[in-house]
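1. Need coordinates for the below:
(chains A and B)
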Amino acid sequence: MLLPIKWLKKYVDIELSSKEIADGLTYSGSHVESIIKPNKGISGVVVGKIEKIDEHPNADKLRICKVNLGKEVLTIVTGAQNVSVEDLVPVAKVGARLPNGKEISEADFRGVVSQGMLCSLRELGYEDNVIPKEAKDGIFIINDDVELGLDIVKALSLDDEVIEFEITPNRPDCLSIYGMARESAATFNVDLKDIDIQINNQVDDIKDLINGIDVATQKCHRYYAKAIKDVEIKPSPLWLKTSLMNSGVRPINNIVDVTNYVMLELGQPLHAFDIDKIDGRKIVIRQATDHEKLTTLDGVERVLTREDIVIADEYKAIGIAGVMGGSNTEITQSTKLVVLEGANFEPKNVRLTAKRLGLRTEASTRFEKGIDENLCKFAVDRACQLIELIGAGKILNGNYDIMKFIPEKTNIKLRMSRIEKLLGAKIEKAEVINYLNRLKFETSFLDEDILNVVVPTFRRDVKVEADLIEEVGRLYGFHNIEAKPLFGKLTRGGRPEDKELQNYIKDILWGLGFNEAMTYSFISPRAFDKLNLPSNHEFRNYIRLMNPLGEDYSVMRTTLTPNMLDLLNKNNNRGIESMRVYEIGNVFLPNSSRDSLPEEKAMICIGMYGDKDFYFLKDVIEILLERLGIKDIEYIRESNNPIYHPGRTAKMIKNSKSLGVFGEIHPDIMKNYDFDKRVYIAELDFNCLFEFINLDRKYTELPRYPSIVRDIAIVVDEDITVGDIEEVINSNGRELIESIELFDIYRGNQIDSGKKSLAFSIRYRSSEKTLKDEEVNQIQKKIIDDLREKFQARLRS
Amino acid sequence: MENKLNELLKSAIEEIKKSNDLNDIEKIRIKYLGKKGQLTLILREMGNLSKELRPIIGQKANEVRFEIERILDETKTKLEQQEKFEKIRIETIDITERRKVNYLGHKHPLLQTIKELEDLFISMGFNVVTGPEIETVENNFDMLNSPENHPSRDLSDTFYINDKLLLRTHTSPVQIRAMMKYNAPLKIISAGRTFRFDDVDDTHSPMFHQLEGLVVDENISMANLKYTLDIFIKELFGKDMKTRYRPHYFPFTEPSAEVDVTCVECRGEGCPHCNYTGWSMELLGCGMVHPKVLENCGIDSEKYTGFAFGMGVDRITMVKYGIKDIRLLFDNDNRFLEQF
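-> Modelled structure (predicted):
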């Protein structure tokens, strides 16, 4: 919403700078985006009249103009072809500056010295979208009653300032100059001037030109129309043009400009139809039929549905209600008879139609937020007044006014005590009444505490007492409410247990050198193809977004692994040699019933590449689980998981529940990613961990007796695992083995191929006595015998 | 005899002088003072001496022994010192050299910010609650008094799963959940992921983060809201920070306000970052919980009032660390992550 200050000051007497106005309105709740200065750097440009035009003797395309600036006459060479003698034009004199930074100096054009330059609107800093079509190519022809030599900045009202507001959706009444004037009057406690509507001379009667108006849908709340004859279509006077351009609207012609001016001024969109093009001279407002077609003013053929509302004549649609008129009844140079429409439509319908057609217009953005039904008549009459004022036509007596729905004024009870309770500030009664009256609410006391408040019809957002309290509060000023501490019981704040534990897990991984990553909750379904997952894989049972931003963000993730692989791959491509990273985040598992919420499960994903291997990751997981107090984990080989290397992957089992999987990513998948390093990933189910987490710690007595350490080195087949051997060692240990450490693995020419040598260091200790060599020797012997028997292990000396 | 002893002392001193390691010293000790050493040999000849001479020579021999021992010890200490210094010299390393053997991870700046904000509110007695990322339309809009045709409900603003479910567009549905579950009084915050149909650019991301707070009790007013948020802002950005409460519109609060905070870049002087206003705009939204919302959750809106506030954590993180592009937060560039 653009608010030119000069325009605003037509309705309120405020002697404040635009900055002060902006600040004041900010504090009363209108959000200021910026203050725009329409003068983008013009100086030394004045209005001049072309008195004589000669062809340039040495150049076909140049013309030599004598331009009268009132006190002087300049010779100016121009290439423009659209100027004629008697035209008033902007003249940049020698020394003038233009918004593009150009400084005008005397220039010699093939032997003729030019003492300045004639300017186009673009050269004066106007955006293309507000420049009238006729002024697009060439010099701006002013042709209005303007004093020669007048600074163009003044002539075009470029000395104004414009405040740009972002109006919240609950305040459509602020989407007009007059609406903002009302806010300003309330904010600065000054009078709001009425717009006095007088049409001096009305002729004939509208019924002579329009045979009838029929509102055939309840979605049109009101339809008001007046007619104009003897219309003379021409460009608008300068004041009207500049008013529109400074508010971001392109001038078209006098009639259309007046409708746009009134829309900006009052917030009521109006539309003008050429009566001669209305078949049967009868207007019907009805629902469109499916596939009904209408070419709108922008030249695009629109296909309608029965949900849309159209303005129609006897045979055809002539406008899409609240959105845009049809080109079949457009005002043109030859238009003589005009009907002016001021209507009110169901906001929702306008919104849906505009949206479906992808056609958001100045009109639709206003209609879809809701407009006071009482505004139609006022706005059309105002437009008639202006049409008469600029001499664009003669207004006809009478009108059509069909009312289907006129809202009643709402009464709300406002308790003084409630104001204090909600705002925490005591505001005097008189002050409350003053604020409300300034905002055009009528008030009367029902008793000591309760005020009856009548809400004006343009304030549809005010429905309950709290809304009124906000009105009082914003004029009192939220900044004037004195801050007060909370009273009441002291409470102890905290986090839920699962969040605390997740933070603990983050701390552990952080300590182990892992960085924290964050990725989107939605991923591409193609990610599952890249993971070579079969079509029936559980990860492919995902939730799809109805309206994703694109295929890449279209399904809710069922695993964190694809994002992890992506981010590792990206970092590798950045030339980062190695990386260790984790993410804790949710995966989404569909519920069998489509309308109930899916399961959201927190997962811990750990990923790394570069300098470390499988055993490093395993160590990380073991430290993590140990710190979480999760014991007795079984590591089972996972060789049929399509994501992972069949020989380098383990599943973690606790009490026959899977806690997760970790290992090296399958070489095929690394190829899919074109990733040239080995990548290790673990994905753990937080909820499963949560079930087993035990952070209780009890002191265990420190050992009192010495330990005995024995080494064993054996040669076994390759497929015998360390875990198998450790299990045998432990089972023979009679509870005396404190620890087993694998300290060497050897493969090579000293032993047979297909075999490996493993060396373990076993520490024995009793909590009751000092162990004797013989006891340990016995156990060692049993271990060796057992290993020999079970694995054909051979002692290596 | 005496001459012999003098000779012995003299040659011992010379040898000791020449020695340059501890082994030599030990050898010299054995050579002169050992069981078969030269001094012992001389003393053995004492039997041949007269009674009168014996004590004199004996004393002389002892003097020589002590003198040799003294010089030996002295030299030994000196050599030991030298050896120690030599060892230290050899062991001296280049302390400008570096080997990266230890590695501490880096926490994500955004999650770290959330944690700090949570901690701040926890210290003020707030409880952290959580809610799902996929929400019902009911919790996300209807219960929060969002008008049926509010543009934020559009497919062009909100990600939908179907006509009943969506990706939450704010953390406010957690308020609904908490009020339904715990009723009043209540003092909670909730932070988490939120989603809006925004194409990615410097300042927009389809996924972003909010932190939401809610206090419901008897006699809660806007004055309490201001007090709470002012403390929070000062703790977060510094004691010299000022706040500005501008009336605003949210469907679920009435009155509603937006809070601007002194521009962090220029501390209120005016700079390009704040459009020369001196204010960082729209850092927080807040207001008094709309009576309808309380009633929707079964809370007596006459007895209880409440305030709620919400903020974009991504924005706060960016302001705090001087990050100009929101994409960096979700791109996980290791070089970015390692800065925090």
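2. ok, residue 76 - contacts?
-> Since you didn't name a chain, this refers to chain A. By CB atoms under 8 Å, 6 or more residues apart in numbering or on different chains, the contact list for residue A:76 reads A:64-65, A:67, A:91, A:114-118. In short, each C-beta sits where N, CA and C put it, glycine included.
3. Chain B, not that one
-> B:22, B:25.
4. the strands in the stretch 51-200 of chain B, which residues?
-> With DSSP state E, counting those that start in this stretch as the criterion, the stretch 51-200 of chain B has strands at B:127-128, B:134-136, B:165-167, B:186-195.
5. cool, the stretch 101-250 of chain A as well?
-> Using DSSP E, counting those that start in this stretch, strands in the stretch 101-250 of chain A cover A:107-109, A:112-114, A:116-118, A:162-166, A:202-203, A:212-215, A:220-229.
6. out of everything not next to it in sequence, what's closest to residue A:1?
-> Take residue A:1 and drop its neighbours on the chain: the residue closest to it by CB to CB, 6 or more residues apart in numbering or on different chains is residue A:165, 4.4 Å away.
7. on that earlier part again, single out the most deeply packed of the strands of the stretch 101-250 of chain A.
-> strand A:116-118 (a mean of 26; mean count of other CB atoms under 10 Å in any protein chain shown).
8. Kindly state the pLDDT recorded for residue B:56?
-> pLDDT recorded at residue B:56 is 85.
9. so of the strands of the stretch 51-200 of chain B, which one's packed in deepest?
-> Among the strands of the stretch 51-200 of chain B, highest average neighbours (mean count of other CB under 10 Å) belong to strand B:165-167, with a mean of 25.
10. hmm, that one touching chain A?
-> Yes. Shown here: strand B:165-167 in contact with chain A (CB under 8 Å from any CB of the partner chain) through B:165, B:167.
11. Compare the strands of the stretch 51-200 of chain B and give me the one nearest residue A:566.
-> Ranking the strands of the stretch 51-200 of chain B by proximity to residue A:566 (CB to CB) places strand B:186-195 first, at 18.1 Å.
12. part of a strand, is residue A:757?
-> Yes. Using DSSP: H, G, I helix; E, B strand; the rest coil, the assignment for residue A:757 is a strand.
13. The closest residue to residue A:245 other than its chain neighbours: what's it in contact with?
-> Sequence neighbours aside, residue A:130 is the residue nearest to residue A:245 in space, at 4.5 Å (criterion: CB to CB, 6+ apart). Contacts for residue A:130 were tallied using CB under 8 Å, 6+ apart; they are A:244-245, A:248-251.
14. rewinding a little: can you lay out the strands of the stretch 101-250 of chain A as TSV showing mean pLDDT and distance to residue B:72?
-> As requested, the strands of the stretch 101-250 of chain A are exported to TSV (pLDDT from 0 to 100; distance: least, CB to CB, whole Å):
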stretch	mean pLDDT	distance to residue B:72
strand A:107-109	91	108
strand A:112-114	93	113
strand A:116-118	95	110
strand A:162-166	93	96
strand A:202-203	95	137
strand A:212-215	96	128
strand A:220-229	97	121
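15. Between those, which one is closest to residue A:711.
-> Once these are compared by CB to CB, strand A:162-166 is nearest, at 77.8 Å.
16. where's the residue nearest to residue A:245 relative to chain B, distance?
-> Distance from residue A:130 to chain B, counting by CB to the nearest CB, to the nearest Å: 23 Å.
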